[in-house]
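A.B. asks: Give me a 3D structure for the following:
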Amino acid sequence: MDDQAAQQWFNQFPVEVIENFQEFRSLVFHQFSSNRKLRKIELSLFAVQQKEKEPLKEYLQKFNDAALKVPFTTQEVEVSTISQGIFDGDFFKFLAKKPVSKFDALLTRAEKSINMEDAQAAKKKRRGEKKEGNKGGDPLQETSN
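C.D. replies: Numbering: from 1, shown residues only. I've put the predicted structure just below:
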């Protein structure tokens, strides 16, 4: 709440309504407690889910951004929430076959999967560019007149 809104709220009270500081403190607390930022807890990380077509790199960035808002978490919780939050793709299958308990180990495996995703995306892009370039036929082929 901004200063102006707080001043308007305060000015609405007649002087005789507030009899002591404790009463004033209670009124202020009830009015403004909904505006305070609540600390995130570890369980909030379970809400971070990878979308079906979302690259693993983007999901991990989104997860890291959310994890920074949690004041305390353990590696085990981070590994568990990521394992539950990733889409059922190759990385999920890899973790299901060879589970990890340390966050660093998970990131090492994730890096390999991200490199694979990047390589596949680059290859797919090159294929698309070749198809686009060949729409008019093979430019190296001689045309007969």
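A.B. asks: rest of the way, CA atoms for contacts and neighbours
C.D. replies: Will do.
A.B. asks: quick one: contacts for the residue sitting nearest the centre point of the chain?
C.D. replies: In the chain, the centroid-proximal residue (Cα atoms, centre = their mean) is Lys62; its distance is 2.3 Å. Residues near Lys62 by Cα atoms under 8 Å, 6 or more residues apart in numbering: Val48.
A.B. asks: per-residue confidence for it?
C.D. replies: For Lys62, the pLDDT comes out at 96.
A.B. asks: Quick check: which element contains it?
C.D. replies: Following DSSP states H and E, one finds Lys62 within helix 56-67.
A.B. asks: Show me the contact partners of the helix or strand following that helix.
C.D. replies: For helix 56-67, the following helix or strand on the C-terminal side (DSSP H and E) is helix 75-85. By Cα under 8 Å, 6+ apart, the list of residues contacting helix 75-85 from outside reads 42, 45-50, 63, 92, 95, 100-103, 106.
A.B. asks: rerun that using 6 Å as the cut-off
C.D. replies: With contact meaning Cα atoms under 6 Å, 6 or more residues apart in numbering, helix 75-85 is reached by 46, 49-50, 101-103.
A.B. asks: Please tell me how far Ala6 sits from Arg25.
C.D. replies: 14 Å (Cα to Cα, to the nearest Å).
A.B. asks: Please apply the same query to Arg39.
C.D. replies: On the measure of Cα to Cα, Arg39 and Arg25 end up 22 Å apart.
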